[in-house]
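1. what's the 3D shape of this:
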Amino acid sequence: MNANDEKKIRDTVSFYNGFSEKYDRKYAAYLHHTHDRLFDRLSDISGECILDISAGTGLLAGKILAQYIDVKLMLNDPSDGMRAVAMARFEENNSVEFSDLPAEKIDFPPESFDRVICLNSFHYYADQEKAIVNMVNVLKPNGFLHILDWNLEGWFHLPNAIISYLSHENINTRSVAETEEMLESSGLKITERRTWSYRFWKFYLIKATK
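-> The predicted structure follows:
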């Protein structure tokens, strides 16, 4: 990675280190909406080994473990602050492990996970193509990748521009078509595609298989 991408990663991590204690409360409605949307599309994940590549404070993991007691979760997040909140949430749960690398640098063994989840985070990645390559690499054959993120289409260009201008973290929002193109170029097959609006956001949810 080049120096500029490294700086983008540091800026994003620094922001969330300082914001971690109030993140769940500040964005409660947004988080509830997006986590429910993704969770409802997971189908049966019993017995799976799952990587949440930018797990934040572990809210999605909590929803998963409340329904599936036999899954194994790897919660990855490069922000020490966000990861500390998640670790406190699951300190007595042996089904959860933690790692601390940017999505562009994950180094799990190939074909380690049945499923990879990328929720509310793809627009932060400094090198999105590299992050996708890494996610594909750690997926088992016939495994699934889920990406839920902002959708840079239509009127959302304006709020996205405002967010980018005001934000300290890196923002690189993609349209659903751009993200699908990157996924298909990596060898994945798109099996589900949904788009919708919520308040002043536009979202997409893509499910792809290896």
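2. Next up, the contacts around residue 181.
-> By Cβ atoms under 8 Å, 6 or more residues apart in numbering, no residues touch residue 181. Every residue, glycine included, has its C-beta placed from N, CA and C.
3. actually residue 189, sorry about that
-> 208, 209, 210.
4. cool, residue 20 as well?
-> 57, 79, 81, 82, 84, 85.
5. thinking again about what came up before, format the contacts of residue 189 as JSON lines; extra columns: pLDDT.
-> Output for the contacts of residue 189, formatted as JSON lines (pLDDT from 0 to 100):
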{"residue": "208", "pLDDT": "98"}
{"residue": "209", "pLDDT": "98"}
{"residue": "210", "pLDDT": "96"}
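6. what are the ranges of the helices in the protein?
-> Assigned by DSSP state H, the helices in the chain fall at 3-26, 28-39, 59-67, 80-89, 128-138, 157-166, 176-185.
7. Mind telling me which of those the model trusts least?
-> Note on these: lowest mean pLDDT is at helix 3-26, with a mean of 91.
8. Pull the contacting residues for residue 48.
-> By Cβ under 8 Å, 6+ apart, the contact list for residue 48 reads 71, 72, 113, 114, 115.
9. Of the residues you listed, which is the most crowded?
-> Of all these, residue 113 has the most neighbours under the rule other Cβ atoms under 10 Å, reaching 24 neighbours.
10. Isn't that one up against residue 49?
-> Yes. If you go by Cβ atoms under 8 Å, residue 113 and residue 49 touch, sitting 5.3 Å apart.
11. Quick check: neighbours shared by those two?
-> residue 74.
12. re the thing from before, same list as before, the helices of the chain that is, but in a markdown table and with distance to residue 148 included.
-> Putting the helices of the chain into a markdown table (distance: least, Cβ to Cβ, whole Å) gives the following:
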| stretch | distance to residue 148 |
| --- | --- |
| helix 3-26 | 17 |
| helix 28-39 | 5 |
| helix 59-67 | 10 |
| helix 80-89 | 17 |
| helix 128-138 | 14 |
| helix 157-166 | 16 |
| helix 176-185 | 11 |
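13. Can you say which of the ones you listed is nearest to residue 102?
-> helix 3-26 (5.0 Å; Cβ to Cβ).
14. and that closest one with helix 28-39, angle?
-> Calculated by axes from the mean of the first three to the mean of the last three Cα atoms, to 10 degrees, helix 3-26 forms an angle of 110 degrees with helix 28-39.
15. which parts of helix 3-26 are buried?
-> 5, 8, 9, 12, 13, 15, 16, 17, 19, 20, 23, 24 (16 or more other Cβ atoms under 10 Å).
16. Determine the longest strand present in the chain.
-> Criterion DSSP state E: the longest strand present in the chain is strand 139-150.
17. by how many degrees do that strand and helix 157-166 diverge?
-> 100 degrees.
18. how far does strand 139-150 sit from the chain's center?
-> 10 Å (Cα atoms, centre = their mean, to the nearest Å).
19. quick check: mean pLDDT across that strand?
-> The average pLDDT for strand 139-150 rounds to 98.
20. Report all helices and strands that that strand contacts.
-> Under the contact definition 3 or more Cβ pairs under 8 Å, 6 or more residues apart in numbering; DSSP states H and E, strand 139-150 sits against helix 28-39, strand 113-119, helix 176-185, strand 201-209.
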